[in-house]
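can't give you the sequence, but here's the structure:
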């Protein structure tokens, strides 16, 4: 029997269980409980309505929906919290045990997990590591924040499986177990509407390594490397030459390997579809982890060249009106918008702006003021950037700074002002919430708009 099934069956035996949130992960948790476990009671609590018939829920499952849906938590022994739910009380203020799919899965399989987090690049690195491991014959499984709940892969798990798991700050926030191999790519201003401060945001992310053991491994950006080393730590950087893994000019130097012939790897930049220097950093992270798992440089290169980038991440969307258009809707930070302009060929225009979460746009404004590209600002955060640019720009740049209320207007303006033969990128440096359902919808709408030009 799959050892996870025995573990969760015993864990929930005779317990009253509440699923807090019934989105993709909540439904996944219910599927495991319904099939394998015998709790004393099961309830679903969600702010939004949950349709009993549509979800094939028996009358024995209690539905607690609408305002006040979290008032019931202390009636239960165990509460499975979905990542998208913000707790109204901290776990230590509740009588129940607050856990999650990720927590329980990691308690069973932690030794087989490569966990990846970071403000930016985690989906790309997760997908890239998974692709390369699969192409080289390893029994790799993909799961986590990438859109596959970890409970969904339970039936496929074997003792040889390697789980490549993307982890968001919301998944990590209350974790008390860390993966055997942890990758912490970077840290930028993000999710401050939820955490309030960078310190609290960083503390949530830290759980990817805080509970590691002495024989575990942490690959982490050198500028956020922990002082207290509870596991083996390898630093990586594209700026710090003293990092263990240093990425520069399309090559990476592994300072941990004494054999010079093996210590340097050159990225075949002309043969890969991942654009930009920031993706060289992502490739270096994947190369380090895959090498530790037994993949040769030859096997890595072969698989790297067949990897297709994920949608909405500097995705080439086509040439229309003589302009090359790129969809970088995933961008929600200054650094990613700056990298987008640096990465696309012959940049001529950038579309920025979305939900205003109060991040500091000074680095982006300073970069754009010094560039020669057209800048189109949108929505609430775009209005703030627009005003900052007007104050900072020299008179000759004023005619290159524009404001459009919404994406549709911005695309129309971009089509008129971007010089033919150059590129235009949607890289908002802002969240999409309140305007679109998510960054995927924003990117899809962008691509539909340019196809109509």
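Arrived safely. No experiment lies behind these values; they were computed from the predicted model shown.

which regions of the stretch 1-150 of the chain sit below the pLDDT cut-off?
For the stretch 1-150 of the chain, the stretches with pLDDT under 70 are 1.

And the strands in it, which stretches?
16-20, 41-46, 61-65, 78-81, 97-99, 113-117, 140-144 (DSSP state E, counting those that start in this stretch).

Show me the strands paired with the fifth one, marking each as parallel or antiparallel.
For strand 97-99, the pairing partners within the sheet under DSSP bridges are strand 78-81 (parallel).

now swap in the longest one and tell me
Partners of strand 41-46 in the sheet, by DSSP bridges, are strand 16-20 (parallel), strand 61-65 (parallel).

Which among those is found nearest to residue 327?
Judged by CB to CB, the one of the strands paired with strand 41-46 that comes nearest to residue 327 is strand 16-20, at 33.8 Å. Where you see a C-beta, it was placed from the backbone N, CA and C, and this is true even at glycine.

Other residues contacting that closest one?
26, 29-30, 33, 39-46, 64, 70, 72-73, 75-82, 85, 96 (CB atoms under 8 Å, 6 or more residues apart in numbering).

Derive a ChimeraX selection command for the buried subset of the residues you listed.
Only the buried entries of the contacts of strand 16-20 go into this ChimeraX selection, using 16 or more other CB atoms under 10 Å:
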select :26,29,30,33,39,42,43,44,45,46,64,70,72,73,75,76,77,78,79,80,81,82,85,96
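
In JSON lines: the strands of the stretch 1-150 of the chain, plus distance to residue 415.
Shown next, in JSON lines, are the strands of the stretch 1-150 of the chain (distance: least, CB to CB, whole Å):
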{"stretch": "strand 16-20", "distance to residue 415": "46"}
{"stretch": "strand 41-46", "distance to residue 415": "42"}
{"stretch": "strand 61-65", "distance to residue 415": "45"}
{"stretch": "strand 78-81", "distance to residue 415": "45"}
{"stretch": "strand 97-99", "distance to residue 415": "50"}
{"stretch": "strand 113-117", "distance to residue 415": "37"}
{"stretch": "strand 140-144", "distance to residue 415": "37"}
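
quick one: which of the ones you listed is nearest residue 364?
In terms of CB to CB, the element of the strands of the stretch 1-150 of the chain nearest to residue 364 is strand 113-117, at 23.4 Å.

other SSEs contacting that closest one?
Judged by 3 or more CB pairs under 8 Å, 6 or more residues apart in numbering; DSSP states H and E, strand 113-117 is in contact with helix 122-135, strand 162-166, strand 181-184.

out of these, nearest to residue 142?
Here helix 122-135 is closest among the helices and strands packed on strand 113-117 (CB to CB), at 4.5 Å.

That closest one - contacts with which helices or strands?
Checked by 3+ CB pairs under 8 Å, 6+ apart, helix 122-135 has strand 113-117, strand 140-144, strand 162-166, helix 277-292, helix 297-304 packed alongside it.

now, of the ones you listed, which is deepest in the fold?
Highest mean neighbour count among those (mean count of other CB atoms under 10 Å): strand 113-117, with a mean of 29.

Within its sheet, name the partner strands of that one and how each one runs.
Partners of strand 113-117 in the sheet, by DSSP bridges, are strand 162-166 (parallel), strand 181-184 (parallel).
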